[in-house]
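Engineer: Predicted model, plus sequence, below.
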Amino acid sequence: MTSDAATATPAGGVPLPGAAPGTGTEAARHGLGSSLQPADALAKVQGTFPYAADLWAEGLLWAAVLRAPHPHARILSVDTGPAAEMPGVRAVVTHEDVPGDATHGRRVADRPAFARDVVRHYGEPIAAVAADHPDTARLAAAAIAVEYEVLEPVTDPEKAFEAEPIHPDGNLIRHIPLRYGDESATGEVIVEGLYRIGRQDPAPIGAEAGLAVPRTDGGVEIYTASTDPHTDRDLAAACLGLRPEQVKVVVTGVPGAMGDREDLSVQLPLGLLAMRTGCPVKLAASREESFLGHAHRHPTLLRYRHHADSEGRLVKVEAQILLDGGAYADDSADALAAAVSFAAGPYVVPHAAIDGWAVRTNNPPSGHVRGEGAMQVCAAYEGQMDKLAAKLGMDPVELRMRNVMATGDLLPTGQTVTCPAPVAELLRAVREAPLPSLPKDSPEEEWLLPGGPEGAGEPGAVRRGVGFALGMVHMLGAEGADEVSTATVKVNGPVATVMCAAVETGQGFSTLARQIVQEVLGVEEVHVVAVDTDQPPAGPGARGRHTWVSGGAVERAAKMVRTQLLQPLAAKFGMSTELLTIADGKITSYDGVLSTTVAEALEGKELWATAQCRPHPTEPLDDTGQGDAFVSLAFAAVRAVVDVDVELGAIRVVEMAVAQDVGRVLNPQQLRARIEAGVTQGVGAALTEHLRVSRGVVRHPDLTAYPLPTALDAPDIRVVKLVEERDVVAPFGAKSVSAVPVVVSPAAVAAAVRAATGRPVNRLPIRPQAAVMTP
């Protein structure tokens, strides 16, 4: 089944299930398929929703962190005396004060809580201070005297292989040598390319912040915007020398998370200072500290060689992919697995030889940012497809149509694509969508030139380009990750409550949980309990996990409660519960003999159930990059339309048309918002977002020098088709929607700039000089 957005709204919005075309009226007030409003929407728009930076406690102290001014240095001495002697300072801590494990990490425990003997990246924490005023804390941190022996930084990932190891574990994090088919195979037509992808920052709307409160049992409670509270608890407890049950992480409002917020830049110094002082301690990072304290997208160097026959069918893909992991491993191994596995894109390729490496350098750490690994290779393989089309004299869309994969095809990892893969349908949808009008068809005053209305551009220098791109992402964790979530659903009279440690990061899980219970139980009033680590774990909020595993756990728990509710009624009428339905707040039997309201059936009752959801297992890639590493896949096609001033190199994205494989639309309004957000983030990666680093030093870590797309920069985004072919192994049949637009949009923008200028465009973000046409 497909949804054609054009039938519902002139702007290309998502049609509401059951709505008459053009009416915009929902078929139901709640439940799956409706655009239920988030419970916290009003508080957020009014500015009253509490975030971590808003927290307060009696007797509060303020924390500040001293960070290293060098990307690579040996620490000769640390003198905390000048800071400790300042009036108002209550504690100063360094690596010597860490009572537990000296290092931590989600995949590899290679990162110290505070730098011990060696600084490995610019901005690495050296010490932390607690004081009675934030200014005092910052001044005290600056007063700590550190003597360094500055070392030569390793900043070129290509040189990391031969350089002196910057870490005891060496500079190589992972190497994947994927081999598929016949390595000696060649094609009649060969194209090569070298591509570079920059360092995109997640740039959350709210910087990191938190509050730690000491407990009477010697433990600590940490209030912060965590996206994976149980892992944060376990890692913090190990470093603080505590048992996990002595550390409680309470999740506050999350001011934006796009795969970030998975580090302990707040939790560890706060917990340590709260335990040392016996007082509540608060830390609110500045924007500069935020840039230095969290991970970024992996800068990537990609070398490609595509082989095809004379008719444009792919024969072989060869690639070398090098990810700059920065100083510590973080999620580099996972990002590399995605990059290597998807290096050929959503195309049928009979032969492949792909090598991928992730290495340590003295650059800022890289980690999980939405679409990691997949975004970098998408820009490269789509650039190759455009090159191949040009060399064959073929339409770029036609070339792609000849090679797209479908359900039943094989990835280069040898895994069969068992989920719906409507790639051809997606590509046709964006190809056939009407193009935006040309400037000559609009009044001159309505035409926005590249560079804006006050720019220096001339209309005669503007060229329009149209580019296409396809891409894919995997859902959930991969390579044997144990993806499990637990949820409890309670019903007390007309009110239902959901308890699940799935963090609401803006992806809409809290609203989805309410919709699931409304759908299954017919109860309209549903509340979702705030998340903390006293609840069973639900895992991190990434790659569509919570829609799948946490939503699946909520559904199973709700169905167990439904059975408890219906069993007495079924027994009374001598029938099974399967013959009873709940709809529109009523319980009816198949034959109409039984008809009552849900409210009447629940009167005076308290029912509850707990359930887990765990998808089918995956396996690690073997020594040749083969294995069933992924639970499922999601696909998208994007058409970009750009105007380029070929004299100045200024680029304006006019429109992005999106067709996406969503499985099932659970909340039309939220789904559209996630697609628009993903496209906008992708446009930023394509044109402006690059954290500038010179010899390991971050230059100007602020939002002035790191230009994010604003509302004026965001193009018109048209969702031209949503393919609702349900994935039978997924709860509700739904797929992840946020990451794949981020992955595909930069490649589409690059293709459009290539079409407008005839230039190769092999670097993201696109520099102005790359869009200038020489006379």
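Structural biologist: Alright, I've got the coordinates. Numbers count the residues shown, from 1 in each chain.

Engineer: Report pLDDT for the spatially most central residue of the chain.
Structural biologist: Closest to where the C-alpha atoms of the chain average out (CA atoms, centre = their mean) is Arg370, at 2.6 Å. What the model reports as pLDDT for Arg370 is 89.

Engineer: and the gap between it and Ala237?
Structural biologist: Remark: distance between Arg370 and Ala237 (CB to CB, to the nearest Å) = 28 Å. For the C-beta atoms, the positions are set from N, CA and C on the backbone; glycine is no exception.

Engineer: which parts of stretch 558-572 are buried?
Structural biologist: Residues of stretch 558-572 classed as buried by neighbour count (16 or more other CB atoms under 10 Å): 558-562, 565-566, 569-570.

Engineer: where in the stretch 401-550 of the chain is pLDDT low?
Structural biologist: For the stretch 401-550 of the chain, the stretches with pLDDT under 70 are 440-447, 452-456.

Engineer: which residues sit in contact with Asp628?
Structural biologist: By CB atoms under 8 Å, 6 or more residues apart in numbering, the contact set of Asp628 is 413-416, 618-619.

Engineer: try 6 Å this time
Structural biologist: Contacts for Asp628 (CB atoms under 6 Å, 6 or more residues apart in numbering) come out as 415, 618-619.

Engineer: of those, buried ones?
Structural biologist: The buried subset of those (16+ other CB under 10 Å) comprises 415, 618.

Engineer: contact partners of the helix of greatest length in the chain?
Structural biologist: Using DSSP state H to define each element, the chain has its longest helix at helix 551-572. Residues outside helix 551-572 that contact it (CB under 6 Å, 6+ apart): 485-489, 491, 498, 512-513, 516-517, 520-521, 576-577, 580, 601, 607, 609-613, 731.

Engineer: Give the buried residues for whatever helix or strand comes next after it.
Structural biologist: Remark: after helix 551-572, the chain's next helix or strand is strand 580-583, criterion DSSP states H and E. Residues of strand 580-583 classed as buried: 580, 582 (neighbour count, 16+ other CB under 10 Å).

Engineer: Identify the neighbouring strands of the helix or strand just after strand 580-583 in the sheet and state each direction.
Structural biologist: Where DSSP H and E defines the elements, the next helix or strand beyond strand 580-583 is strand 586-589. In the sheet, strand 586-589 lines up against strand 580-583 (antiparallel), strand 595-597 (antiparallel) (DSSP bridges).

Engineer: Ok, which of those strands comes nearest Ala629?
Structural biologist: Nearest of the strands paired with strand 586-589 to Ala629, taken as CB to CB: strand 580-583 at 39.0 Å.

Engineer: Include pLDDT when you put the buried residues of stretch 558-572 into JSON lines, please.
Structural biologist: As requested, the buried residues of stretch 558-572 are arranged in JSON lines below (pLDDT from 0 to 100):
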{"residue": "Ala558", "pLDDT": "95"}
{"residue": "Lys559", "pLDDT": "94"}
{"residue": "Met560", "pLDDT": "96"}
{"residue": "Val561", "pLDDT": "94"}
{"residue": "Arg562", "pLDDT": "92"}
{"residue": "Leu565", "pLDDT": "90"}
{"residue": "Leu566", "pLDDT": "90"}
{"residue": "Leu569", "pLDDT": "87"}
{"residue": "Ala570", "pLDDT": "86"}
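
Engineer: Asp591: how many residues sit nearby?
Structural biologist: Asp591 has 9 neighbours, counted by other CB atoms under 10 Å.

Engineer: Please apply the same query to Ser589.
Structural biologist: By other CB under 10 Å, neighbour count at Ser589 equals 17.

Engineer: The one 10 residues further on too?
Structural biologist: A count of nearby residues for Ala599, using other CB under 10 Å, gives 14.

Engineer: Can you verify my assumption that Ala599 contacts Pro494?
Structural biologist: Yes: counting by CB atoms under 6 Å, Ala599 touches Pro494, with 5.3 Å between them.

Engineer: tell me the average confidence for stretch 60-70?
Structural biologist: Mean predicted lDDT for stretch 60-70 stands at 97.

Engineer: So what touches it?
Structural biologist: Stretch 60-70 is contacted from outside by 90, 119, 123-131, 134, 137-138, 141, 144, 148, 150, 269, 273, 279-283, 292, using CB under 6 Å, 6+ apart.

Engineer: redo that, cut-off 7 Å
Structural biologist: With contact meaning CB atoms under 7 Å, 6 or more residues apart in numbering, stretch 60-70 is reached by 90, 115, 119, 122-134, 137-138, 140-141, 144, 148, 150, 269-270, 273, 277, 279-283, 289, 292.

Engineer: Buried residues in that stretch, which are they?
Structural biologist: Across stretch 60-70, burial judged by 16+ other CB under 10 Å covers 61-68, 70.

Engineer: Go through these and say which is closest to Ala212.
Structural biologist: Closest approach between the buried residues of stretch 60-70 and Ala212, by CB to CB: Ala63, at 8.5 Å.

Engineer: Checking my notes, the closest one in a helix, right?
Structural biologist: No: Ala63: not assigned to a helix; according to DSSP: H, G, I helix; E, B strand; the rest coil it is strand.

Engineer: Which residue is the nearest non-sequential neighbour of it?
Structural biologist: In space, Ala63 comes closest to Leu283 once its chain neighbours are excluded; the distance is 4.0 Å by CB to CB, 6 or more residues apart in numbering.

Engineer: starting at the chain centroid, how far to whichever strand or helix holds the one you found?
Structural biologist: Assigned by DSSP H and E, Leu283 belongs to strand 281-284. Computed by CA atoms, centre = their mean, to the nearest Å, the separation of strand 281-284 from the middle of its chain amounts to 26 Å.
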